[in-house]
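Peer 1: structure, please.
(2 chains)
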Number of protein chains: 2
Amino acid sequence: MSVHLSPPNPAELFPIAGVRIGVTEAGIRKAKRKDLTVVLIDDGASVAGVFTQNRFCAAPVQLCREHLATGQGIRAMLINTGNANAGTGEDGLRRASSTCQALAGRLGLSKQQVLPFSTGVIMETLPSERIEAGLDAALNDAQPDHWLRAAEAIMTTDTVPKAFGAQVMINMATMLGFMATDACVSPGLMKQLATELAEGSFNRVTVDGDTSTNDSFVVIATNQATHAPITALDSPAGQALKAAMLDVARKLAQAIVRDGEGATKFITLQVEGGKTQAECRQVAYAIAHSPLVKTAFFASDPNLGRILAAVGYAGIADLDQTGIDLYLDEVLVAVKGGRNPAYREEDGQRVMKQAEITVRVSLGRGNAVDTVWTCDLSHDYVTINADYRS
Amino acid sequence: MSVHLSPPNPAELFPIAGVRIGVTEAGIRKAKRKDLTVVLIDDGASVAGVFTQNRFCAAPVQLCREHLATGQGIRAMLINTGNANAGTGEDGLRRASSTCQALAGRLGLSKQQVLPFSTGVIMETLPSERIEAGLDAALNDAQPDHWLRAAEAIMTTDTVPKAFGAQVMINMATMLGFMATDACVSPGLMKQLATELAEGSFNRVTVDGDTSTNDSFVVIATNQATHAPITALDSPAGQALKAAMLDVARKLAQAIVRDGEGATKFITLQVEGGKTQAECRQVAYAIAHSPLVKTAFFASDPNLGRILAAVGYAGIADLDQTGIDLYLDEVLVAVKGGRNPAYREEDGQRVMKQAEITVRVSLGRGNAVDTVWTCDLSHDYVTINADYRS
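Peer 2: Just a heads-up that it's a prediction; the model follows:
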């Protein structure tokens, strides 16, 4: 099930000059599944990444950080599904490193020029020998127009591949995101660009609050366009690039929520009137993570007090409940912490039945605003996550 | 569904000298339901309460705090189900106060000597006139041996009433807890006693992480026993009293989890080797609140990496994953952050199939320990909370 998610339009998935993608079936966890992807990047590209804040980060995430820190130009990425190579200790690091070396050797690179990514079941040994055995087939498959093919190859619990055009990007429920542009961006800007894109997109969506051990977001600028290099994100060209890329990143981040396990509703949580943007986000996440709120959305039940309760335990110590207003789309539900006398249950019910709902909470204590996107909690969430490994 | 929860044994529910309880059907939300309880307390009792930390606290919680703060002897409690009187603003405060006044008038008390409690749907007007109309019937019903009757009367999503003997106590899924003893406890100790009992019991259980607007825990010492008054909790008599009451409080707190909406598993989360007890509890709660972990328990799926992932995002900034060991009952699953080479999936599977499971995480960075109890996340959780109001 998913909320209004259309399959990617291949016509919108432009090849990016300087990037080729190859996919194969390496039999990592199941037979006859595209589960291994190589991304080949021409020399001269600028690459930056943003990774999970989980202290229990997977071996490939540790290697990505190390390889990027060497400052050697990144020339390839190696992505597998079926096994996350997390909770695998020293052996996991050795195996991930071995796959990087195997690909690097075939391409005449150092292993530090390869970034590894894994997603799937955690705490199981990475079958690195199967990955290495699949490399030649993946390399033979490499073509500039294989973005959709790769988007399909990195699905796990996803029900549809996620890729959008303008700039091209692919990602997953366990949040592996790859975004490429042929724009010319000075290498010093890339980390900031990646961070700001993640901040405005992937860091504002949540399905169930579980932060993966493997979350990774990589931005590639191949520098093959003919314009003058962008040297500041607040320059006109920098602003234009960031706006265009953010638009795509946000669509993709929202696509994760729309395709969240069992999702039947797409919820926009807009918190305003906070003292800081951080406290607005804190409140939005408290609502987004409340199982009681999420089941009420699933049931189309305007049990809106559950939202107010979540606002109350969001952790703002000096929050005054008598300052809080609550809207469901345009319907004013609560005023100054109490039920709006003019609120009629049927108005709330009408909005709750929609597939897309905006919840707006005004904290009444400042001018800061923030927005988070989430989905409901349905029977299918339990079914999918209870059955994921079987 | 529930996990090994036996109905209370009426023979264990001793009357407490100095407390009488009456119950009636006031038609607060549905007809022919016991939904109104009065608790009458003899003069001379010591009473203290611990209340929700939710900033959006319900009107009755606000009044409880006010009434207790006046220092007038508490002589009665008034408890209704069907309506939580939360998110109801000034009108909610007026209505709760009016019900206290109505009961106080019948008993020749001031309204500050009455504590009100409500649980049920939030953001709906409290039908205070129905409560007031039911008071005489409830008072006529008052008897010392009506603890079980009251436990039944305050059920909402509970499937069985919760009351245990030695000291007597009643409670609910939305966590209204009442505990009485005939022991003699100096009034100055009561707040500390209530706080320490809550800390060791109700503050260590979680079903879904949602903190209610109405959570309340009240301890009554009627002072009608003949022993010398207890003046310090660390005296031998004080220690004995606290230990006995904590045992009951913990059973009751665990009963909330065992009867958690849709619960099929009872999970003990023991985190050790932390620098502080607080960080151990933080980790335990991160695991307890993870929907991915909870669905894995429901599925009896030893997808134990999900537990490690939750440990990783619990918010301990300097956590070293290579120090972490994980046990499932006696099965050593992970060592130093990686899979235990001797671990066999069938061993994990065997434990996961049990109805009661202990997860033990060693953080390897200190000597602190803490324990939290929780349950799994099942289809019935979604069903029950999606249908609660209908």
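Peer 1: quick check: residues of the stretch 151-300 of chain A near chain B?
Peer 2: A:208-213, A:289-292, A:295-296, A:298-299 (Cβ under 8 Å from any Cβ of the partner chain). C-beta coordinates here come from the backbone N, C-alpha and C atoms, glycine included.
Peer 1: quick one: which two of those are the most distant?
Peer 2: Greatest spatial distance among those (Cβ to Cβ): A:213 and A:299, at 32.1 Å.
Peer 1: so for the two, which residue has more residues nearby?
Peer 2: Set residue A:213 next to residue A:299 and count neighbours by other Cβ atoms under 10 Å in any protein chain shown: residue A:213 wins out with 30 against 21.
Peer 1: what helix or strand is that one on?
Peer 2: Here residue A:213, judged by DSSP states H and E, is contained in no helix and no strand.
Peer 1: pLDDT wise, what is the nearest residue to it once chain neighbours are set aside at?
Peer 2: In this structure, residue A:213 finds its nearest non-sequential neighbour in residue A:86, 3.9 Å apart by Cβ to Cβ, 6 or more residues apart in numbering or on different chains. Confidence at residue A:86, expressed as pLDDT, is 91.
Peer 1: now the residues of the stretch 151-300 of chain A next to chain B in TSV, with secondary structure and pLDDT?
Peer 2: Below are these laid out as TSV (DSSP: H, G, I helix; E, B strand; the rest coil; pLDDT from 0 to 100):
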residue	secondary structure	pLDDT
A:208	coil	85
A:209	coil	80
A:210	coil	78
A:211	coil	79
A:212	coil	81
A:213	coil	86
A:289	helix	94
A:290	coil	94
A:291	helix	93
A:292	helix	91
A:295	helix	94
A:296	helix	93
A:298	helix	95
A:299	coil	93
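Peer 1: contact residues of the stretch 1-150 of chain A facing chain B?
Peer 2: Residues of the stretch 1-150 of chain A lying near chain B (Cβ under 8 Å from any Cβ): A:53-57, A:84, A:86-92, A:121-125.
Peer 1: what sits against the closest residue to chain B within the stretch 101-250 of chain A?
Peer 2: Proximity to chain B, evaluated over the stretch 101-250 of chain A using Cβ to the nearest Cβ, is greatest for residue A:122 at 2.8 Å. Residues near residue A:122 by Cβ atoms under 8 Å, 6 or more residues apart in numbering or on different chains: A:58, A:84, A:85, A:86, A:87, A:213, B:303, B:305, B:306, B:308, B:309.
Peer 1: low-confidence regions, the stretch 51-200 of chain A specifically.
Peer 2: Scanning the stretch 51-200 of chain A for pLDDT under 70 picks out A:155-174.
Peer 1: look up phi and psi at the residue of chain A most remote from its centre.
Peer 2: The C-alpha centroid of chain A is most remote from residue A:341, which lies 40.4 Å away (Cα atoms, centre = their mean). Backbone torsions of residue A:341, given as degrees, to the nearest 10, read phi -60, psi -30.
Peer 1: looks to me like residue A:333 is in a strand.
Peer 2: Yes: assessed with DSSP: H, G, I helix; E, B strand; the rest coil, residue A:333 lies in a strand.
Peer 1: before we move on, back to that, read off the pLDDT value for the residue farthest from the centre of chain A.
Peer 2: At residue A:341, pLDDT is 90.
Peer 1: filter the residues of the stretch 151-300 of chain A next to chain B down to the buried ones, ChimeraX style.
Peer 2: Filtering these down to the buried ones (16 or more other Cβ atoms under 10 Å in any protein chain shown) takes a single ChimeraX command:
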select /A:208,209,210,211,212,213,289,290,291,292,295,296,298,299
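Peer 1: what about the strands in the stretch 51-200 of chain A?
Peer 2: A:76-80, A:114-118, A:168-170, A:176-181 (DSSP state E, counting those that start in this stretch).
Peer 1: how big is the angle separating the second one from strand A:76-80?
Peer 2: When axes from the mean of the first three to the mean of the last three Cα atoms, to 10 degrees is applied, the directions of strand A:114-118 and strand A:76-80 differ by 10 degrees.
Peer 1: against which helices or strands is strand A:114-118 packed?
Peer 2: helix A:59-69, strand A:76-80, helix A:89-107 (3 or more Cβ pairs under 8 Å, 6 or more residues apart in numbering or on different chains; DSSP states H and E).
Peer 1: export those to JSON lines and tack on distance to residue A:355 and mean neighbour count?
Peer 2: Converted to JSON lines, the helices and strands packed on strand A:114-118 look like this (distance: least, Cβ to Cβ, whole Å; neighbours: other Cβ atoms under 10 Å in any protein chain shown):
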{"stretch": "helix A:59-69", "distance to residue A:355": "34", "mean neighbour count": "21"}
{"stretch": "strand A:76-80", "distance to residue A:355": "32", "mean neighbour count": "26"}
{"stretch": "helix A:89-107", "distance to residue A:355": "40", "mean neighbour count": "20"}
